[in-house]
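Engineer: from the sequence below, what's the structure:
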Amino acid sequence: MTEIAASSDFRHPRRHVRLDTILRLRWLAALGQLAAIFIVAQGFEFDVPIIPCLVIVSLSALLNLALQIAFNPMQRLEPRHAGGLLALNIIELAALLYLTGGLENPFSFLFLAPVLISATALPIRLTITLGLLAVACATLLVFFHQPLPWDSDEPLILPPIYLIGVWFSIVLAIGVTSLYAFQVTEEARQLSDALAATELVLAREQHLTQLDGLAAAAAHELGTPLSTIVLVSRELEKSLADKLQTNSQINSQVAGDIKTLREQAQRCRDILSKITQLSSTGAPFDRMKLSTLIEETVAPHRDFGVDIKVRIAVAGSREPVGSRNPAILYGVGNILENAVDFARSVVEVNAWWNNETVEIVVSDDGPGFAPEILKRIGEPYLSRRRGQDDAPSEHTGLGLGVFIARTLLERTGAKLSFTNRVFPDHGAVVQVAWPRARFEGESDERPTP
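Structural biologist: Numbers count the residues shown, from 1 in each chain. Alright, predicted model coming up:
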């Protein structure tokens with residue numbers, strides 16, 4: 001069982017932002033700016049440069065209208081185009097703040113909004129660029145700005161240390177919130193893609209199950225015409241056998257061809273008979289003992305230069321018997337494959353059971369799990385990268401395959417734990433444990449995507 005594959009199969013590039021989304025945000029910003037201008041000018045009767053502010057807001061609104069008319073709002077923007085519109089938002093805000101007090105204006109914290117949006121939807125390089133642009137605009141506003149609108153005859157002048165504090169808080173907020181938003185969005189995207197890969201595995205297994213049923217149906221349907229072919233060929237062979245002594249060599253060749261036809265038709269009947277037996281309900285391989293399950297999982301990995309030792313503990317209760325569940329076979333197989341990849345010489349597979357629990361433990365003598373990833377194993381796309389000195393043929397594992405294996409096994413009721421061997425021994429240990437009733441009962445049902 002190979003690890004479900006490369007990240008390129010499931011990890012999609014960052015989603016492009018729709019033009020409609022950006023336009024909605026720009027319209028919301030324009031309306032908010034208009035409301036703030038008129039509330040301050042008319043409600044508080046502050047001396048606001050209304051005309052220059054309205055010119056900036058009007059230009060923003062005209063650009064929104066032009067974009068809505070020229071392009072389909074539902075189309076998805078290239079990241080650089082979306083980043084350009086968000087950069088324009090930052091510049092427009094900086095222009096308004098220049099006219100209304102610079103960083104003394106409490107609305108200066110709106111520099112966060114475009115950068116935060118970029119962190120959730122655009123590549124990190126564009127987010128960093130927008131963050132640097134916002135910081136640059138905030139820095140210029142510390143030194144260059146019009147007085148803050150105020151109701152007294154003398155303008156409000158705040159101490160420089162306060163403006164430095166405001167500037168620092170804006171820079172810190174841009175950095176922290178953007179990084180947090182980026183990490184949360186990236187983890188959600190990875191989880192979504194990994195779950196899609198898991199569903200693909202389950203759909204594949206279900207498809208194989210359906211093919212199994214189709215094979216049985218085909219075997220039954222083809223049985224009758226094959227029987228007819230065998231019967232007719234046998235009769236032809238008998239009739240030609242009586243004439244071989246008096247007829248030419250051609251009759252002998254025809255008899256040989258008919259014999260070959262009968263033998264091959266009989267062989268087809270035998271093959272279809274086996275398919276029918278293996279595919280029918282209640283066939284011997286529909287359910288399997290724990291030892292058989294382990295052996296079927298181990299068999300594909302025995303010829304890779306690593307000694308695989310299987311130990312089945314002797315218990316007082318009978319050996320558990322469960323269904324031939326593709327989720328269990330794939331999950332345990334993937335864990336075993338990773339153990340073989342990282343092992344130096346030996347992999348041990350130990351199994352035991354009692355009346356309440358069924359447990360499989362896979363361990364190896366490799367380097368073990370790195371401390372920094374030990375508590376995070378099972379997260380999608382988490383991998384342990386080997387150094388340049390390691391053999392290039394060795395796998396780096398512990399990525400999407402382990403996530404899928406863990407997800408599939410937990411669906412069957414299993415609990416997984418990942419640890420390292422106790423010093424001075426070295427190597428990884430993976431423990432998979434089921435409640436016995438779940439292993440023998442509910443696990444009979446194959447998972448569906």
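Engineer: residue ranges of the strands in the chain, please?
Structural biologist: Along the chain, the stretches classed as strands by DSSP state E are 287-289, 307-312, 321-323, 346-353, 357-364, 415-420, 428-435.
Engineer: could you report the pLDDT at E356?
Structural biologist: Per-residue pLDDT puts E356 at 90.
Engineer: what sits against it?
Structural biologist: 435-436 (C-beta atoms under 8 Å, 6 or more residues apart in numbering). To be clear about C-beta, it is placed using only N, CA and C from the backbone, and glycine gets the same treatment.
Engineer: hang on, the earlier thing: CSV for the strands of the chain, including mean neighbour count and distance to L132?
Structural biologist: Putting the strands of the chain into CSV (neighbours: other C-beta atoms under 10 Å; distance: least, C-beta to C-beta, whole Å) gives the following:
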stretch, mean neighbour count, distance to L132
strand 287-289, 16, 61
strand 307-312, 14, 54
strand 321-323, 18, 58
strand 346-353, 20, 50
strand 357-364, 22, 47
strand 415-420, 15, 40
strand 428-435, 21, 43
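Engineer: which one of those strands lies nearest to V166?
Structural biologist: Nearest of the strands of the chain to V166, taken as C-beta to C-beta: strand 415-420 at 47.2 Å.
Engineer: got the angle for that closest one vs strand 357-364?
Structural biologist: Strand 415-420 runs at 30 degrees relative to strand 357-364, counting by axes from the mean of the first three to the mean of the last three C-alpha atoms, to 10 degrees.
Engineer: partner strands of strand 415-420, with direction?
Structural biologist: Each strand paired with strand 415-420, and its direction, by DSSP bridges: strand 428-435 (antiparallel).
Engineer: ok, and what's touching the partner strand?
Structural biologist: Contacts of strand 428-435 (C-beta under 8 Å, 6+ apart): 331-332, 335, 339, 342, 356-364, 366, 368-369, 409, 412-421, 443.
Engineer: pLDDT on it, on average?
Structural biologist: On average, strand 428-435 scores 91.
Engineer: that strand to strand 346-353, inter-axis angle?
Structural biologist: Orientation of strand 428-435 against strand 346-353 (the same axes, to 10 degrees) gives an angle of 20 degrees.
Engineer: how distant is strand 428-435 from the center of its chain?
Structural biologist: 23 Å (C-alpha atoms, centre = their mean, to the nearest Å).
Engineer: can I get it as CSV, trimmed to CA atoms?
Structural biologist: Taking C-alpha atoms only, strand 428-435 is exported to CSV below (Å, rounded to 0.1, in the frame of the first residue of the first chain):
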residue,chain,number,x,y,z
ALA,A,428,9.2,4.7,16.5
VAL,A,429,6.2,3.0,18.0
VAL,A,430,2.7,3.2,16.7
GLN,A,431,-0.1,1.7,18.7
VAL,A,432,-3.6,1.0,17.2
ALA,A,433,-6.3,-0.2,19.6
TRP,A,434,-10.0,-1.1,19.1
PRO,A,435,-12.7,-2.0,21.4
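Engineer: show me what contacts I328?
Structural biologist: Per C-beta under 8 Å, 6+ apart, neighbours of I328: 293, 322, 408-409, 412, 414, 443.
Engineer: ChimeraX command to pick out the buried ones of those residues?
Structural biologist: In ChimeraX, selecting the buried portion of the contacts of I328, with burial taken from 16 or more other C-beta atoms under 10 Å, looks like this:
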select :293,322,408,409,412,414,443
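Engineer: out of the contacts of I328, which comes closest to L374?
Structural biologist: Closest to L374, out of all of the contacts of I328 and judged by C-beta to C-beta, is L409, at 18.5 Å.
Engineer: in space, what's closest to the closest one - neighbours in sequence excluded?
Structural biologist: G331 (3.9 Å; C-beta to C-beta, 6 or more residues apart in numbering).
Engineer: burial count for the one you found?
Structural biologist: Using other C-beta atoms under 10 Å, G331 has 28 other residues around it.
Engineer: my guess is it contacts L408, does it?
Structural biologist: Yes: counting by C-beta atoms under 8 Å, L408 is a contact partner of G331 at 4.5 Å.
Engineer: picking up where we left off before, for I22, find the nearest of the strands of the chain.
Structural biologist: Nearest of these to I22, taken as C-beta to C-beta: strand 415-420 at 43.3 Å.
Engineer: state the mean pLDDT of that closest one.
Structural biologist: Averaged across strand 415-420, the pLDDT comes to 88.
Engineer: quick one: contacts of it?
Structural biologist: With contacts defined as C-beta under 8 Å, 6+ apart, strand 415-420 is touched by 368-369, 374, 377-378, 406, 409-410, 426-434.
Engineer: just the ones of the contacts of I328 in helices?
Structural biologist: Counting by DSSP state H, the contacts of I328 place 293, 408-409 in helices.
Engineer: closest one of those to L65?
Structural biologist: Lowest distance from L65 to the ones in helices among the contacts of I328 (C-beta to C-beta) belongs to L408, with 52.2 Å.
Engineer: give me the neighbour count for I69.
Structural biologist: 7.
Engineer: separation between it and A343?
Structural biologist: Distance check for I69 against A343: by C-beta to C-beta, to the nearest Å, it reads 65 Å.
Engineer: picking up where we left off before, relative to I174, which of the strands of the chain is closest?
Structural biologist: Closest among those, once you apply C-beta to C-beta, is strand 415-420, at 37.3 Å.
Engineer: using PDB, write down the CA coordinates of that closest one.
Structural biologist: Written as PDB, here are the backbone C-alpha positions of strand 415-420 (Å, rounded to 0.1, in the frame of the first residue of the first chain):
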ATOM      1  CA  LYS A 415      -7.400   4.900  18.900                       C
ATOM      2  CA  LEU A 416      -3.800   5.700  17.700                       C
ATOM      3  CA  SER A 417      -0.800   6.800  19.700                       C
ATOM      4  CA  PHE A 418       2.600   7.700  18.400                       C
ATOM      5  CA  THR A 419       5.700   7.400  20.700                       C
ATOM      6  CA  ASN A 420       9.400   6.600  20.600                       C
END
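Engineer: and it, how far out from the chain middle?
Structural biologist: 21 Å.
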